[in-house]
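A.B. asks: got a predicted structure here, sequence first:
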Amino acid sequence: SQKIEQNSEALNIQEGKTATLTCNYTNYSPAYLQWYRQDPGRGPVFLLLIRENEKEKRKERLKVTFDTTLKQSLFHITASQPADSATYLCALGNNFNKFYFGSGTKLNVKP
Amino acid sequence: EPEVTQTPSHQVTQMGQEVILRCVPISNHLYFYWYRQILGQKVEFLVSFYNNEISEKSEIFDDQFSVERPDGSNFTLKIRSTKLEDSAMYFCASNVAGGDETQYFGPGTRLLVL
């Protein structure tokens, strides 16, 4: 069965630095990969989507890369701010509206 | 800005009872989803729904669960004969054009089965 791995340990960084989060997967060939932000007790909030034929996507301070050979996506937040502190989830999707989420990585940005 | 709404925000029920969780997706959206998240665990896909029928479902979505779009605005998840392990946050989501587009999640219903 498919497996999605995100760093289970929290990532602690200083304000202004770039945060890099990793999503690795096995036993699956997704059509696309999504990144979400989740705050405690809240629903996930969509951030970015990248398709299997795309290498990189950017949106403001966010950048996502997707390497289907390595089966890995990297999610970068540049010029991080304390308000970026949250849990970040990756989700893999197919063309049939079925999704698999990773467990998420908690990001702490310290002022 | 349009948003997905869910009711109730919290539900407490006794084991063995039936619960119905309600969602109002964004009005022009065509695809609807239910997810659950057990406390401290990952978000788990339950089911996707399009054109008044189930599009995909996970292994979790067995005969205990059912979904319905009873009218033009509501999307419901029914859980029959609830078990302790059904305690979780249940999220509804919707989008316009299917899985490869932005999914908008609701705030969730926290279900506690005693």
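C.D. replies: Perfect, thanks for sending it. Predicted model only: the values in this text are computed from it and were never measured.
A.B. asks: just checking, A:Lys57 touches A:Leu47?
C.D. replies: No. If you go by C-beta atoms under 8 Å, A:Lys57 and A:Leu47 don't touch, sitting 10.1 Å apart. (Glycine included, C-beta is placed from N, CA and C.)
A.B. asks: which residues are common contacts for those two?
C.D. replies: Common neighbours of A:Lys57 and A:Leu47, counting by C-beta atoms under 8 Å, 6 or more residues apart in numbering or on different chains, are absent.
A.B. asks: can you name the residues of chain B that neighbour chain A?
C.D. replies: Contact residues, chain B versus chain A (C-beta under 8 Å from any C-beta of the partner chain): B:4, B:31, B:33, B:35, B:41-45, B:48, B:50, B:55-56, B:58, B:89, B:91, B:93, B:98-108.
A.B. asks: drop anything exposed from those residues.
C.D. replies: Burial by neighbour count, 16 or more other C-beta atoms under 10 Å in any protein chain shown: within the residues of chain B next to chain A this picks out B:4, B:31, B:33, B:35, B:42-45, B:48, B:50, B:55-56, B:58, B:89, B:91, B:93, B:98-101, B:103-108.
A.B. asks: quick one: which of those residues sit in strands?
C.D. replies: B:31, B:33, B:35, B:43-45, B:48, B:50, B:55-56, B:89, B:91, B:93, B:104-105 (DSSP state E).
A.B. asks: once you drop chain neighbours, what's closest to A:Gln2?
C.D. replies: A:Tyr28 (3.8 Å; C-beta to C-beta, 6 or more residues apart in numbering or on different chains).
A.B. asks: counting neighbours, what do you get for that neighbour?
C.D. replies: 13 (other C-beta atoms under 10 Å in any protein chain shown).
A.B. asks: per-residue pLDDT, B:Asp100?
C.D. replies: pLDDT recorded at B:Asp100 is 61.
A.B. asks: flag the shaky bits of chain B, pLDDT-wise.
C.D. replies: B:98-100 (pLDDT under 70).
A.B. asks: centre-most residue in it?
C.D. replies: The centre of chain B sits closest to B:Trp34, judged by C-alpha atoms, centre = their mean, with a distance of 3.2 Å.
A.B. asks: relative to chain B, how far out is A:Val64?
C.D. replies: As judged by C-beta to the nearest C-beta, to the nearest Å, A:Val64 and chain B stand 14 Å apart.
A.B. asks: my guess is that residue contacts A:Leu48. True?
C.D. replies: Yes. Under the criterion of C-beta under 8 Å, A:Val64 makes contact with A:Leu48 at 4.8 Å.
A.B. asks: mutual contacts of the two, please.
C.D. replies: By C-beta under 8 Å, 6+ apart, the residues touching both A:Val64 and A:Leu48 are A:35, A:57, A:75.
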